[in-house]
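Asker: Could you look at this predicted model? Sequence included:
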Amino acid sequence: MTNLSAIQIIPSIKIHGSRISNLAIHKYIWIYLTFFPVLPGILGANLAQQLMHVIFLPACLILIIYKAKFIDKRTILYGTAIVCAIMFFYSITAITMTAMLTVRDITDIVRPGIYFMYFILPLCVHLNFDEFTKLIEFLKKLIVVQLIFSLFIYFPILWPIVDIFKGRPSDDMALHFYRWSGTYGFPSDFSFLLSFYIFFYISLIQIKGKLPARELIIFGCCAVALYMTFSRGGIFATVGILIIQLIATGLIARIKVLVMSITLTLFMIGYFSSNSSENYGIYTEYLTSVFTQDIDSSASHRIRELELARDSALRNPPLGIGPARVEIASQISVIESFYGYHLIKWGIAGLLFMLAIKLTITRHSISFYKKYKVHESTHEVSAFALAVALITMSEILLFGLSSAITDRLKTLPTYYLFVGYVFMLKAQTNSLRVILKHSQ
């Protein structure tokens, strides 16, 4: 069987009888999500996300009807019940607590259903162990494409292409245009995607003790790209979770990892310290301002939002004020953070609902990782599961203070597909045991 070349992105369609292979379907789903246009001058992030979901929903239903083989009916039934319960809770809160309901408020009520749509797909159109391993290789190629695409901002001739996927187009010429964002629209969104790959590779090092040169290069490029996003939430959340991981697992004691981390850090510091560009000086100020007395408008907005969330939670326990877009708009321009969104709109009860779900995801991901990390043939899928646990923890512990990162343009489908893959793998533990038995 021939290997895909390093630059092959468009997957070949393998037909089994008259059916397209599940692997090809998942590859095309990722191409669709990765290259779905933002078109800020025509659609904008909000409309682009809605359109992306609207197009994906019927496609998802068709796939489930014609391709579904339910490998974990219990998870699907429990998941359906949980989503219905949350949407019912949201509806009651909206009816009883929101003074002026609008049509746009409906999107907040049905949001858990959108999560579930992406989560359930891998459980219905599932991949076996070998196919998922191939999908991981394909996802590595996609992140390389994203890294290359991020470099387009330095070539004005390529700006028309960049503008298709940028939240801040080139004619805006704000400094945000020059922050790396791949095709994910915004630097913070791209930093979330990059953090997953960084967690994945660190987890692989933790499991295997080393990385091949090619994988090490991709890991290093992802680390540099994370810095180039200049996303404070993304950088601090990633570094914070990595410190916890390194200390908790004892990985920090491994000289190779320590030297690699120090070298990469010194490279970035040296490069930007020696760079005389005024723009990068402003970027460095932007990153470090959170540690100074000079709080910029972005940080002050988050502080104001969290204060509003605290006041709302204390004023309306255990419920929030519901979707209430009109009422919220009179107090703050936009809700950015995970904690702000849930406390203001759904109160303490709503936040606890969501935290329980995130902690369940973390527990299942870590459980799978612990069970299969010892087998050489499952190293990569184990690292994938641990990376899902770590990005979930990053939102709960750090990223969620600045952004509702798993609700944003392309990070929403990305995250819930990743979670779906973990539960898909857990549902196939019997098949994995057979594979591992033959590999011994």
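Answerer: Thanks, I have the structure now. Numbering: from 1, shown residues only.
Asker: Contact partners for residue 340?
Answerer: 302, 305, 306, 308, 309, 404 (Cβ atoms under 8 Å, 6 or more residues apart in numbering). Glycine gets a C-beta too; all of them are placed from N, C-alpha and C.
Asker: can you give me phi and psi for it?
Answerer: Main-chain dihedrals, residue 340, degrees, to the nearest 10: phi -60, psi -40.
Asker: and it, how far is that from residue 320?
Answerer: 11 Å (Cβ to Cβ, to the nearest Å).
Asker: Can you tell me how far residue 145 is from residue 221?
Answerer: Taken as Cβ to Cβ, the spacing of residue 145 relative to residue 221 amounts to 12 Å.
Asker: same question, residue 203
Answerer: For residue 203, the distance to residue 221 (Cβ to Cβ) stands at 17 Å.
Asker: Burial check on residue 400, number of neighbours?
Answerer: Other residues lying near residue 400 total 24 when counted by other Cβ atoms under 10 Å.
Asker: Find the residue closest to it in space, skipping its chain neighbours.
Answerer: Distance criterion Cβ to Cβ, 6 or more residues apart in numbering; nearest residue to residue 400, sequence neighbours excluded, is residue 338 at 3.2 Å.
Asker: Read off the pLDDT value for that neighbour.
Answerer: Among the per-residue scores, residue 338 holds a pLDDT of 94.
Asker: show me the contacts for it.
Answerer: For residue 338, the set of contacting residues under the criterion of Cβ under 8 Å, 6+ apart consists of 395, 396, 399, 400, 401, 403, 404, 405, 406, 407.
Asker: let's see it at 7 Å
Answerer: For residue 338, the set of contacting residues under the criterion of Cβ atoms under 7 Å, 6 or more residues apart in numbering consists of 395, 400, 403, 404, 405.
Asker: Could you dump those into TSV and include pLDDT, secondary structure and distance to residue 331?
Answerer: Shown next, in TSV, are the contacts of residue 338 (pLDDT from 0 to 100; DSSP: H, G, I helix; E, B strand; the rest coil; distance: Cβ to Cβ, whole Å):
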residue	pLDDT	secondary structure	distance to residue 331
395	95	helix	24
400	90	helix	20
403	89	coil	19
404	89	coil	17
405	92	helix	23
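Asker: of all the residues you listed, which comes closest to residue 77?
Answerer: Using Cβ to Cβ, residue 395 comes nearest to residue 77 of those, at 26.3 Å.
Asker: okay but the closest one is in contact with residue 407, surely?
Answerer: No - with contact defined as Cβ atoms under 7 Å, residue 395 does not count as touching residue 407 (9.8 Å).
Asker: between these two, which one's more packed in?
Answerer: Counted by other Cβ under 10 Å, residue 395 and residue 407 do not tie: residue 395 has more neighbours, with 24 against 17.
Asker: Quick check: the gap between the more buried one and residue 354.
Answerer: Distance from residue 395 to residue 354, counting by Cβ to Cβ: 10 Å.
Asker: Pull out the buried residues from the helix or strand hosting residue 122.
Answerer: Residue 122 belongs to helix 106-124 when assigned by DSSP states H and E. Across helix 106-124, burial judged by 16 or more other Cβ atoms under 10 Å covers 108-109, 111-112, 114-124.
Asker: which helices and strands sit right next to the next helix or strand after it?
Answerer: Scanning the chain past helix 106-124 towards its C-terminal end, the next helix or strand to appear is helix 129-150 (assignment: DSSP H and E). Contacts of helix 129-150 with other secondary structure elements, assessed using 3 or more Cβ pairs under 7 Å, 6 or more residues apart in numbering; DSSP states H and E, are made with helix 22-35, helix 213-229, helix 379-397, helix 429-439.
Asker: who's in contact with helix 129-150?
Answerer: Outside of helix 129-150, the residues within contact range by Cβ under 7 Å, 6+ apart are 9, 11, 22-23, 26-27, 30, 34, 127, 180-183, 197, 218, 221-222, 225, 380-381, 384, 421, 425, 428, 431-432, 435.
Asker: Where does the prediction get shaky in the protein?
Answerer: Across the chain, residues meeting the criterion (pLDDT under 70) sit at 1-19, 70-71, 173-175, 250-297, 430-440.
Asker: could you pull out the strands for it?
Answerer: For the chain, the strands defined by DSSP state E cover 15-16, 19-20.
Asker: Residue 197: neighbour count?
Answerer: By the criterion of other Cβ under 10 Å, residue 197 has 23 neighbours.
Asker: picking up where we left off before, tell me the helices and strands packed up against the helix holding residue 122.
Answerer: helix 45-67, helix 73-97, helix 411-427.
Asker: which residues touch that helix?
Answerer: 53, 57, 60, 63-64, 68, 70-72, 75-76, 79, 83, 86-87, 90-91, 94, 323, 345, 412-413, 416-417, 419-421, 423-424, 427.
Asker: do that again at 8 Å, thanks
Answerer: Helix 106-124 has contacts (Cβ under 8 Å, 6+ apart) with 26, 29, 50, 53, 56-57, 60, 63-64, 67-72, 75-76, 79-80, 83, 86-87, 90-91, 94, 323, 345, 407, 412-413, 416-417, 419-421, 423-424, 427.
Asker: now the angle from that helix to helix 411-427?
Answerer: For the pair helix 106-124 and helix 411-427, the angle between their directions (axes from the mean of the first three to the mean of the last three Cα atoms, to 10 degrees) equals 30 degrees.
Asker: just the angle between helix 106-124 and helix 22-35, please?
Answerer: Using the same axes, to 10 degrees, helix 106-124 lies at 150 degrees relative to helix 22-35.
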